[in-house]
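Colleague: Okay, predicted coordinates and the sequence, questions at the end:
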Amino acid sequence: MSEVWSVWFLIGAALVFFMQCGFAMVETGFTRAKNAGNIIMKNLMDFCIGTPMFMLLGFGLMMSENYFFGLIGKPDLQLFTNFAENDWSSFVFNLVFCATAATIVSGSMAERTKFSAYCIYSAVISAVVYPIEAGWVWNPQGWLVQLGFVDFAGGAAIHSVGGTAALIGAIFLGPRIGKYDYDKNGKVTKVHAIPGHSLTLGALGTFILWFGWYGFNGAACVQLEGVGGLAAVFTTTTIAPALAAVTTMIFTWVKNGKPDVSMTLNASLAGLVAITPTCATVDALGASIIGIVSGFVVVLVVEFIDLKLHIDDPVGAVAVHLANGIWGTVSDGLFNVESGLFYGGGLKHLGVQCLGEFSIVAWTTVCMIITFSLIKKLHGLRASKEEEVIGLDKLEHGIDSSYAGFIMAPQVMTGGEAGLGGAIAATALGSAATAASDSAAAATKIATSAAKVPMDKAVPVARGTARPDAKFHMVTIITRPSKFDDLKAAMNDISVTGMTLTNVLGCGVQHGNVQKYRGVEMDMTLLPKIKVDIVVSEVPVDLVVTAAKEVLYTGNIGDGKIFVYDVENVVKVRTGEEGYEALQD
């Protein structure tokens, strides 16, 4: 059985490594498409840069047998000098945990950080910051271990550390361009929502993280049954995020009028973070309460940081990892079935948990302030305004788009420093736009491949009666794409057979119909519309307008608008006909 649990330990490490994919998907989905490649690159480099730093320095500082004063180990490089007898399992397992702590910061600093600066940060946290405090928690000689501090899977050692670094990094960077409006005194007057480009990717990442969390929490188990056994850990790891997600869904539904998708995804991760330190020490009731509280905490902290403190955290990393890492660690002092306050254990264990959490956050705060200060002064931390507006993918990595074949909204930089006037964000319009683009390209290719013929030999047409006094009008209809078939049929019924269709984007804000994203009121949002242009002469304009209104009307916002213009002349390119005759086929 010892060998079985050793194999499971390594399988758990592999599951934790796979969580890097989950973090990459969540962060990519919750940010804009123009920075997707940059986000993916940072998540990859967290592990790849962290590996040599942890090999050379971090692992020794954390797990060395030569451990001084319960605070720090002596790097001995046994991985190189005594490889045959080295504890490889411990190295691999602690390495993937180290990478998790590092990658949390990527989300809060997304869309405005120099890639080179981020690489420096990643090396520092992997080499020094994480290993030293993690040794306090997991090295048998660590001072917190000696006090009886409980952090079974890293709620404090990993998530509180990553969340603290995420908060400090976001403060040092400042908000993204367009996130806040300011008055002349620099006071924030309005908070803008900047939605991520793909909730689908965000959801995929959330499911991957939840799956990997069974290894994250369960890998260190050495028994199957009982409190602290693998089966019990799987149970608590399932209960807490599930109840956290339900709590947030109901809370945002009541609070904002609609259940918030992105916040509910965050809530499931918040529940996982909160149960991480206590997964092997609490029962089902304790896990349930921990999950429910974390569902409230994540919403309140996300909104407090954004709306009150005006710290820009695009993915909610601070609320998920720092706030719930603290809550989960402290909750062990309340719900631990052997020593928790609510289970007759008194205040001693609760005090130890609070002391340990405070010490870890304080250590990380000091280290990260020094690290980000030096990077900012000596190298530069924030990307340039041009790089941020156009996108880090383009100017930092040399790729036009991470979504080749998709139509992207243009990047526009204006002179405005405050508010949304400063920039227009990139938006992926989706597969429908891609299909439209491909179809248009194909049609152009077919049309241009036709042989050019003289105009006097053009295909003859049946000429209508000359009407030099004919008047022409253009009717432009903008409406929902779903209404096109009904509109086309209505026009055909009144003998209008020619029309031009264009896929467009429209926006508008309706009074009394306020939408929110992560608790922040949305500005005008571009929505897919169609524009149908019809030029008529014989068919009365009023008849066209009436027919269109009848099929487009639903009585709801978004039915569309109809515009009528006078047309001076019509020219048919193929035959050279003008006026009334040009409309006849």
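Modeller: Arrived safely.
Colleague: Name the single longest strand found in the chain.
Modeller: Ordering each strand of the chain by length in residues (DSSP state E) puts strand 527-536 first.
Colleague: other SSEs contacting that one?
Modeller: strand 472-479, helix 484-493, strand 500-506 (3 or more Cβ pairs under 8 Å, 6 or more residues apart in numbering; DSSP states H and E). No exception for glycine: its C-beta is placed from N, CA and C like everyone else's.
Colleague: what's the closest of the ones you listed to T278?
Modeller: Minimum separation from T278 across the helices and strands packed on strand 527-536 (Cβ to Cβ) falls at strand 500-506, 47.9 Å.
Colleague: how about the closest one: buried residues?
Modeller: 503, 506 (16 or more other Cβ atoms under 10 Å).
Colleague: any idea of the mean pLDDT in it?
Modeller: On average, the pLDDT along strand 500-506 is 86.
Colleague: Paired strands for it, with orientation please.
Modeller: When pairing is defined by DSSP bridges, strand 500-506 lines up against strand 527-536 (antiparallel).
Colleague: Now do the strand it pairs with against helix 484-493: the angle between them, please.
Modeller: With axes from the mean of the first three to the mean of the last three Cα atoms, to 10 degrees defining the directions, strand 527-536 sits at 10 degrees from helix 484-493.
Colleague: Work out the gap between strand 527-536 and the centre of the chain.
Modeller: Distance of strand 527-536 from its chain centroid, counting by Cα atoms, centre = their mean, to the nearest Å, is 34 Å.
Colleague: Check the model's average confidence along stretch 291-302 for me.
Modeller: Rounded mean pLDDT across stretch 291-302 is 98.
Colleague: what do you get for stretch 534-553?
Modeller: 90.
Colleague: Just the C-alphas of that stretch, formatted as CSV.
Modeller: Taking Å, rounded to 0.1, in the frame of the first residue of the first chain, the C-alpha atoms of stretch 534-553 are listed here in CSV:
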residue,chain,number,x,y,z
ILE,A,534,-33.5,48.5,-50.6
VAL,A,535,-33.9,51.0,-53.5
VAL,A,536,-37.4,51.3,-54.9
SER,A,537,-39.1,53.3,-57.7
GLU,A,538,-42.4,51.6,-58.7
VAL,A,539,-43.1,50.2,-55.3
PRO,A,540,-44.3,52.9,-53.0
VAL,A,541,-42.0,53.7,-50.1
ASP,A,542,-44.9,53.7,-47.6
LEU,A,543,-45.7,50.2,-48.6
VAL,A,544,-42.2,49.0,-48.0
VAL,A,545,-42.1,50.7,-44.6
THR,A,546,-45.4,49.4,-43.6
ALA,A,547,-44.6,45.8,-44.6
ALA,A,548,-41.3,46.0,-42.7
LYS,A,549,-42.9,47.3,-39.6
GLU,A,550,-45.4,44.5,-39.5
VAL,A,551,-42.9,41.7,-39.6
LEU,A,552,-40.3,43.4,-37.4
TYR,A,553,-42.5,44.6,-34.5
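Colleague: who's in contact with that stretch?
Modeller: Residues from elsewhere that reach stretch 534-553 (Cβ atoms under 8 Å, 6 or more residues apart in numbering): 467, 470-477, 479, 483, 486-487, 489-491, 493-496, 498-500, 559-560, 562, 564, 567, 570, 580, 583.
Colleague: so what's A110 up against?
Modeller: 27, 31, 35, 39, 314-315.
Colleague: Narrow the contacts of stretch 534-553 to those that are buried.
Modeller: 472-477, 479, 483, 487, 490-491, 496, 499, 560, 570, 580, 583.
Colleague: Look up how far T575 lies from P468.
Modeller: 17 Å (Cβ to Cβ, to the nearest Å).
Colleague: If you count surrounding residues, which of those two has more?
Modeller: Each of P468 and T575 has its neighbours counted (other Cβ atoms under 10 Å); T575 has more, 17 against 7.
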